[in-house]
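Trainee: starting from these lines, generate the structure:
(one chain, ligands or ions: 1)
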Amino acid sequence: MKMFDGFYNRIAKVYDFVYGAALAPGMKLAFDLMELRSGQKVLEVGIGTGLSLGYYPRNVKVTGVDLADGMLAECQKKIELGKFENVKLQKMDAMHMEFDDNSFDRIFAPSVVSVIPDPEKVVAEMLRVCKPEGMVCIVSHFAGSDLKNRLLDSMCDPVTSKIGGFRMKTPASVVENAPGGIVIKKRAVSDKVNFNTVYLLRKTHG
Ligand SMILES: C[S@@+](CC[C@H](N)C(=O)[O-])C[C@H]1O[C@@H](n2cnc3c(N)ncnc32)[C@H](O)[C@@H]1O
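Mentor: Numbering: from 1, shown residues only. Modelled structure (predicted):
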């Protein structure tokens with residue numbers, strides 16, 4: 001996949017229809033695990049069209065970043081329609097975020113680690129901007145750990161990378177062995193197929 005080829009700009013208007021239902025169970029599981037509290041500052045990385053907006057309590061402050069103007073425009077429409085006054089958007093590259101170290105209580109990254117070309121870099125950036133007592137929550141598809149799923153991922157990866165906008169072969173080690181992070185929870189979204197996994201990480205140093 002190229003650096004950022006505007007794929008998500010092109011599909012922004014149909015994104016919810018194509019992906020919304022499939023991503024909903026992972027989104028719900030992530031919000032169950034994140035334990036959001038009143039007054040917390042949350043960063044959502046690659047917020048896209050804002051499929052997550054309705055899950056946030058109104059008393060947390062959400063900053064959503066994304067690189068695709070088309071996705072941000074769809075998200076802004078939802079913010080206005082739903083009067084989500086606690087949500088602000090910024091156009092920003094998740095691999096080079098403009099926030100100070102230790103800025104957010106929660107960092108949420110649904111379906112972005114398998115999209116962004118340098119997944120190690122985005123995980124490092126998320127840990128950098130997370131407060132020492134905060135948590136990073138990642139939802140994504142990762143390469144299967146057994147032979148059957150590795151074969152399936154290898155077969156599907158060229159197609160999803162070309163026309164689906166995401167990779168099937170991102171190694172789970174990107175999250176599980178992230179320097180400066182430690183996995184505190186890991187849950188599969190489906191117990192039948194290797195679909196998406198939800199990870200919660202804490203940083204291991206300030
Ligand atoms: C599969 S979509 C996920 C959108 C949303 N998180 C969701 O769960 O529906 C991936 C998103 O990542 C964004 N993205 C891709 N590369 C990015 C980058 N380098 N920085 C910020 N956002 C990026 C895309 O524009 C797109 O909105």
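Trainee: skipping its backbone neighbours, what lies nearest the residue of the chain found nearest the ligand in space?
Mentor: Ranked by CB to the nearest ligand atom, the top residue of the chain for proximity to the ligand is Gly48, at 2.6 Å. All C-beta spots, glycine's among them, are computed from the backbone N, C-alpha and C. Residue nearest to Gly48 in three dimensions, not counting chain neighbours: Met71, with 4.7 Å by CB to CB, 6 or more residues apart in numbering.
Trainee: so the one you found sits against Asn9, correct?
Mentor: Yes: between Met71 and Asn9 there is a contact under CB atoms under 8 Å: 7.1 Å.
Trainee: these two: which has the busier surroundings?
Mentor: Met71 (24 against 16; other CB atoms under 10 Å).
Trainee: which of the helices and strands in this protein ranks last by mean pLDDT?
Mentor: When each helix and strand of the chain is scored by mean pLDDT, DSSP states H and E, helix 147-159 comes last, with a mean of 82.
Trainee: so what touches it?
Mentor: When contacts are defined by CB atoms under 8 Å, 6 or more residues apart in numbering, helix 147-159 is touched by residues Ala143, Gly144, Arg167, Met168, Lys169, Asn194.
Trainee: please see if stretch 75-94 touches the ligand.
Mentor: Yes: applying CB under 6 Å from any ligand atom, one finds stretch 75-94 in contact with the ligand at Asp93, Ala94.
Trainee: ok, stretch 180-198 next?
Mentor: No: using CB under 6 Å from any ligand atom, stretch 180-198 never reaches the ligand; the gap is at least 9.9 Å.
Trainee: picking that back up, which one of the contacts of helix 147-159 is nearest to Asn177?
Mentor: Distances from Asn177 to the contacts of helix 147-159, taken as CB to CB, are shortest for Ala143 (13.7 Å).
Trainee: which helix or strand contains that closest one?
Mentor: Using DSSP states H and E, Ala143 sits within no helix or strand.
Trainee: contact partners for the nearest residue to it once chain neighbours are set aside?
Mentor: With CB to CB, 6+ apart as the criterion, Ala143 has its nearest non-adjacent residue at 4.7 Å, and that residue is Lys169. With contacts defined as CB under 8 Å, 6+ apart, the neighbours of Lys169 are Ala143, Asp153, Ser154, Asp157.
Trainee: for ChimeraX, what selects the buried ones among the residues you listed?
Mentor: A single ChimeraX command is used to select the members of the contacts of Lys169 judged buried by 16 or more other CB atoms under 10 Å:
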select :143,153,157
